[in-house]
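no FASTA, just this:
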């Protein structure tokens, strides 16, 4: 996993490439949370671009377990700011929640997040 910051768009980019187990997935969430909190100072919203196009899950149970943990850990009620998340993947475009959208195209994902700057 690599985290970088797209300054022009004010977006935190998380490249989630690699082999993911429960252990490193939970560790990654802790790292992501610290970075979000660090970059959120004096902001009312954070925009995340989460790239899973090159993620290899240990198995479907690992993916499902980490998804459940993630939904609790990054629940909007745990933060003083809004979090908008665009998730890049290989097969699905669509909205899952008001503040989360799935994309196959990085350009479209960035455009959606930039639009959230005005909402």
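All right, it came through fine. In this text, all values refer to a predicted model and were calculated from it rather than measured experimentally.

give me the number of residues near the spatially closest residue to residue 51 that is not a sequence neighbour?
For residue 51, ignoring the flanking residues on the chain, the nearest one in space by CB to CB, 6 or more residues apart in numbering is residue 88 at 4.3 Å. (Glycine included, C-beta is placed from N, CA and C.) Residues lying near residue 88 (other CB atoms under 10 Å) number 23.

worst-scoring helix or strand of this structure, pLDDT-wise?
For the chain, using mean pLDDT, DSSP states H and E, the weakest element among its helices and strands is strand 94-97, scoring a mean of 79.

which parts of it are buried?
Residues of strand 94-97 include none that count as buried (16 or more other CB atoms under 10 Å).

one more: stretch 39-54?
For stretch 39-54, by 16+ other CB under 10 Å, it's 40, 45, 46, 47, 48, 49, 50, 51, 52.

between these, which sits nearest residue 103?
residue 49 (9.0 Å; CB to CB).

so what's the closest one bridging to?
For residue 49, the beta-bridge partners are residue 13, residue 86 (DSSP bridges).

with residue 55 instead?
As assigned using DSSP bridges, the partners bridged with residue 55 are residue 18.

list the residues that contact it.
Neighbouring residues of residue 55 by CB atoms under 8 Å, 6 or more residues apart in numbering: 16, 17, 18, 20.

state which helix of the chain is the longest.
helix 22-39 (DSSP state H).

which neighbouring elements make contact with it?
strand 2-6, strand 11-15, strand 45-51, helix 60-73 (3 or more CB pairs under 8 Å, 6 or more residues apart in numbering; DSSP states H and E).

adding distance to residue 30 as columns, could you present the ones you listed in a markdown table?
Conversion of the helices and strands packed on helix 22-39 to a markdown table gives the following (distance: least, CB to CB, whole Å):
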| stretch | distance to residue 30 |
| --- | --- |
| strand 2-6 | 12 |
| strand 11-15 | 13 |
| strand 45-51 | 15 |
| helix 60-73 | 9 |
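
where does pLDDT dip in this structure?
119 (pLDDT under 70).

report the central residue of it.
Centroid-nearest residue in the chain: residue 50, 3.9 Å away (criterion: CA atoms, centre = their mean).
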